[in-house]
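Chemist: Here is the input, now give the coordinates:
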Amino acid sequence: MNRIIPLTLATALFMENMDSTVIATSLPAIAEDIGTTPVALKLAFTAYFVALAIFIPVSAWVSDRFGAKNVFRAAILVFILGSVACALSGSLPEFVMARFLKGIGGAMMAPLARLILVRTTEKPDLVNAMAWLTIPALVAPTIGPPIGGFLTTFLSWHWIFLINVPIGLIGIALVTRFLPEIEGQETRPLDWFGFILTGIAFSGVVFGLSLLSMPLLPVWVAIVSTVVGFAAGAAYVLYARRVAFPLLDLRVFANAPFRTTVIGTTLFLIGVGAVPFLLPLMLQLAFGYSPFESGLIVFVSAFGALLMKFVAKPLFSAVGFRTALLWSTVLSAILIMVTGTFVPETPIVVMMTVIFASGLVRSVYFTGQNALAFAELDTSATGPAAAIHAVMRPIATALGVAVAGIVLEASAHLRGDALALPDFHFSFLVVGGISLIAVLPFITLRRDAGTEVSGHMTRAQREALVERSRTVEARSPRF
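Modeler: Alright, predicted model coming up:
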């Protein structure tokens with residue numbers, strides 16, 4: 001197998017995944033320098049995720065229209081430019097726009113990396129190639145928080161973005177040198193009207209909710225933005241039923257495991273997606289830790305997630321998707337709430353143990369839902385399902401950050417005081433409760449859902465197999 005292609009593609013994924021983790025430990029320093037509050041920087045979080053959700057659905061069409069190699073190289077360049085713009089930002093609006101620009105580049109990189117790998121790799125080598133592609137992306141979140149904290153504490157926050165410049169330039173050079181020219185495939189027409197409607201829906205709802213508790217603009221602006229977003233979403237649902245090639249084909253929701261997974265994971269992520277935003281803020285603002293110290297504490301979550309990847313498959317084979325997703329949801333929600341009981345006197349080893357355990361159980365959930373979502377879909381439905389599945393995650397995460405910011409500021413307002421530890425405790429309780437609601441869709445899931453993928457057999461399936469074996473044995477001639 002030629003490893004240079006997956007490793008070349010992995011350079012971009014490494015940069016993107018590390019960037020998404022380094023910023024969390026640096027929010028207080030960035031906020032102080034550009035004259036805003038750390039909670040207000042939730043807009044920067046949400047801007048990036050909204051850009052991902054808007055542009056991921058068109059990534060395949062753009063690559064086929066202009067060439068996957070060209071688009072992938074351009075996406076890295078856009079990500080670099082967005083990183084430089086972040087480092088040069090001097091105000092909240094500038095920083096938000098720079099993060100949105102980075103999101104446009106990021107929206108093209110991850111989907112195209114997988115697409116290019118599939119189109120340039122022989123099927124017998126695809127599993128190994130995918131492993132080489134994903135390992136650097138899994139390593140990045142484990143080193144991102146300590147690196148981001150170190151750079152912010154001992155140099156300045158600007159360097160967490162500037163380090164993307166050399167990494168990105170190396171990636172562009174590798175792409176130019178080693179990636180073959182990939183012919184575009186015949187594409188169906190791009191649903192431009194659907195693209196506009198979904199863009200308005202995603203940005204309107206997420207930014208509207210993010211602005212509700214902020215004094216940047218009048219409250220009526222936030223309300224109008226949210227209402228317009230929901231209206232555009234409703235209009236798209238009606239529109240998508242009448243066109244032959246909708247941008248996001250909602251007909252795949254007729255498949256029960258896919259529908260359950262998307263609904264459950266959206267609820268799960270609204271809670272879990274807020275944790276990378278809340279936890280570093282609590283450690284720095286309420287506990288007094290430096291960015292480097294908080295980064296050294298929170299990185300163990302990604303380390304736990306990485307370790308669980310090696311045992312997830314046997315676990316699903318032993319208990320099945322339904323049981324694994326139910327219990328990982330419950331345990332994740334409980335651990336989020338436990339995190340909300342931390343106080344400055346809590347021993348660091350206790351905090352790191354809870355955070356590590358959170359990474360383990362969340363990894364079980366995300367691995368399981370990724371497999372279950374496509375376990376019972378026809379081949380013709382996997383493309384439309386993949387688009388919806390890819391869009392769902394950034395939007396749900398953005399909503400989680402928006403909700404966490406609203407709860408934080410509402411709690412401080414009700415207490416009539418500045419942001420403090422009780423506000424973080426209450427926020428963790430709320431987002432943990434939202435994650436727990438994700439149990440409800442999975443309770444209704446069939447026990448044997450996705451068994452062909454998980455390899456798990458229910459009791460009825462085992463009994464049927466034993467009975468068939470006995471029948472065959474009874475009919476076999478004896479000599």
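Chemist: Show me where the stretch 201-350 of the chain has its helices.
Modeler: Under the criterion DSSP state H, counting those that start in this stretch, the stretch 201-350 of the chain carries helices at the ranges 219-240, 256-272, 275-281, 291-298, 300-308, 312-339, 348-374.
Chemist: For the fifth one, which residues meet the burial criterion?
Modeler: Residues of helix 300-308 classed as buried by neighbour count (16 or more other CB atoms under 10 Å): Val300, Ser301, Ala302, Phe303, Gly304, Ala305, Leu306, Met308. Placement of C-beta: from N, CA and C, glycine included.
Chemist: ditto for the second one
Modeler: Buried residues in helix 256-272, counting neighbours by 16+ other CB under 10 Å, are found at 257-258, 260-272.
Chemist: Would you mind pulling up the elements that that helix packs against?
Modeler: Applying 3 or more CB pairs under 8 Å, 6 or more residues apart in numbering; DSSP states H and E, one finds that helix 256-272 contacts helix 312-339, helix 348-374, helix 379-415, helix 421-437, helix 439-443.
Chemist: so which of the ones you listed comes closest to Thr176?
Modeler: Closest to Thr176 of those, according to CB to CB: helix 379-415, at 26.6 Å.
Chemist: how's this structure carved up into domains?
Modeler: Per automatic domain parsing, the structural domains of the chain span 1-179, 195-247, 251-479.
Chemist: Out of those domains, which one sits most buried?
Modeler: Highest mean neighbour count of the domains of the chain: domain 1-179, a mean of 21 (counted as mean count of other CB atoms under 10 Å).
Chemist: that older thread, is it possible to export the buried residues of helix 300-308 to CSV including distance to Thr339 and pLDDT?
Modeler: Putting the buried residues of helix 300-308 into CSV (distance: CB to CB, whole Å; pLDDT from 0 to 100) gives the following:
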residue, distance to Thr339, pLDDT
Val300, 12, 83
Ser301, 10, 82
Ala302, 15, 78
Phe303, 16, 77
Gly304, 13, 78
Ala305, 16, 76
Leu306, 20, 74
Met308, 18, 74
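Chemist: Least confident secondary structure element in this protein?
Modeler: Least confident helix or strand of the chain, by mean pLDDT, DSSP states H and E, is helix 459-475 with a mean of 49.
Chemist: ok, back up a step: worst mean pLDDT among the helices of the stretch 201-350 of the chain?
Modeler: Across those, the stretch with the lowest average pLDDT is helix 300-308; it has a mean of 78.
Chemist: export that one as PDB, just CAs?
Modeler: Taking C-alpha atoms only, helix 300-308 is exported to PDB below (Å, rounded to 0.1, in the frame of the first residue of the first chain):
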ATOM      1  CA  VAL A 300      -6.800  13.400  29.000                       C
ATOM      2  CA  SER A 301     -10.300  13.400  27.600                       C
ATOM      3  CA  ALA A 302      -8.900  13.000  24.000                       C
ATOM      4  CA  PHE A 303      -6.400  10.400  25.300                       C
ATOM      5  CA  GLY A 304      -9.300   8.300  26.700                       C
ATOM      6  CA  ALA A 305     -11.100   8.600  23.400                       C
ATOM      7  CA  LEU A 306      -8.100   7.400  21.500                       C
ATOM      8  CA  LEU A 307      -7.600   4.300  23.800                       C
ATOM      9  CA  MET A 308     -11.300   3.300  23.500                       C
END
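Chemist: Other residues contacting it?
Modeler: With CB atoms under 8 Å, 6 or more residues apart in numbering as the test, helix 300-308 has contacts from 21, 138-139, 141-142, 144-145, 352, 355-364, 366-367.
Chemist: Isn't Phe230 up against Val205?
Modeler: Yes: judged on CB atoms under 8 Å, Phe230 makes contact with Val205 at a distance of 6.1 Å.
Chemist: if we can go back for a sec, now distance to Ile56 too, for the helices and strands packed on helix 256-272, in JSON lines please.
Modeler: Formatted as JSON lines, those follow (distance: least, CB to CB, whole Å):
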{"stretch": "helix 312-339", "distance to Ile56": "24"}
{"stretch": "helix 348-374", "distance to Ile56": "15"}
{"stretch": "helix 379-415", "distance to Ile56": "5"}
{"stretch": "helix 421-437", "distance to Ile56": "24"}
{"stretch": "helix 439-443", "distance to Ile56": "23"}
